[in-house]
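Undergrad: Sequence and predicted model, in that order:
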Amino acid sequence: MKGKITKEDKFNSIPNLLDRRNPIVITEISNPANLSYFQNAIKKLRQYFLLEMIESPLHLFNFIKEHQNDLIIIVDDIFARRKNYLDIVQGAVCSSPDSGELWSVNYLDEKPFVFKGELILCTIKTKEEINANKKLSYFARDCHFI
């Protein structure tokens, strides 16, 4: 008989789950237990680049572009941002369900690029809140939630 998978087990599985086509969303990061599990889990990751404070959509676009082949962790809650921020990150997490083709990351007149790294997004929202919001439907479809 299999044991129940705990929240801590889910966080410990992050290094095995990371993949370009499997971006991870850490939900309820403001929960002290989740934050502690997350802090322990990222110690086991290969080199990553942390984005803690997004200054502008252009800053977000350039950060993702600069690290387009790397592991990026965005702790600034992208789901609490305006649509233009969401659109940038959406390009970095989504792929076409039928073909698996990666989407491009776009912002205004900047030259688009294809993000080929891995991405972890942190949010205070629950998975249910994200699933219930139509403008977040691509995240709900293409991301793995912890």
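TA: That came through fine.
Undergrad: so where's the protein shaky on pLDDT?
TA: By pLDDT under 70, the low-scoring segments of the chain are 1-2.
Undergrad: Helices of that one, start to end?
TA: 7-12, 14-17, 32-42, 57-66, 83-93, 127-132, 137-142 (DSSP state H).
Undergrad: so the fifth one versus helix 57-66, what angle?
TA: Computed by axes from the mean of the first three to the mean of the last three C-alpha atoms, to 10 degrees, the angle separating helix 83-93 from helix 57-66 equals 10 degrees.
Undergrad: For helix 83-93, list every residue counted as buried.
TA: By 16 or more other C-beta atoms under 10 Å, the buried positions in helix 83-93 come out as 85, 86, 87, 88, 89, 90, 91, 92, 93. The way it works is simple: take the backbone N, C-alpha and C, and place the C-beta from them, glycine included.
Undergrad: Grab the nearest non-local neighbour of the last one.
TA: Put plainly, it is residue 93. residue 23 (4.2 Å; C-beta to C-beta, 6 or more residues apart in numbering).
Undergrad: What separation do you get for the residue lying closest to residue 53 once chain neighbours are set aside and residue 126?
TA: Nearest non-adjacent residue to residue 53, counting by C-beta to C-beta, 6+ apart: residue 76, 5.6 Å away. For residue 76, the distance to residue 126 equals 18 Å [C-beta to C-beta, to the nearest Å].
Undergrad: Have a look at these two and say which one is more surrounded.
TA: Taking other C-beta atoms under 10 Å, residue 76 and residue 126 do not tie; residue 76 has more neighbours (17 against 13).
Undergrad: which ones are touching that one?
TA: Counting by C-beta atoms under 8 Å, 6 or more residues apart in numbering, residue 76 touches 51, 52, 53, 54, 122.
Undergrad: How about residue 14?
TA: With C-beta under 8 Å, 6+ apart, residue 14 has these contacts: 24, 41, 42, 44, 45, 120, 146.
Undergrad: picking that back up, what would the buried residues of helix 83-93 look like in CSV with distance to residue 11?
TA: What follows is the buried residues of helix 83-93, written out as CSV (distance: C-beta to C-beta, whole Å):
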residue, distance to residue 11
85, 25
86, 25
87, 28
88, 26
89, 21
90, 24
91, 26
92, 22
93, 19
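Undergrad: Closest to residue 72 out of the residues you listed?
TA: Among those, residue 92 lies closest to residue 72 (C-beta to C-beta), at 8.0 Å.
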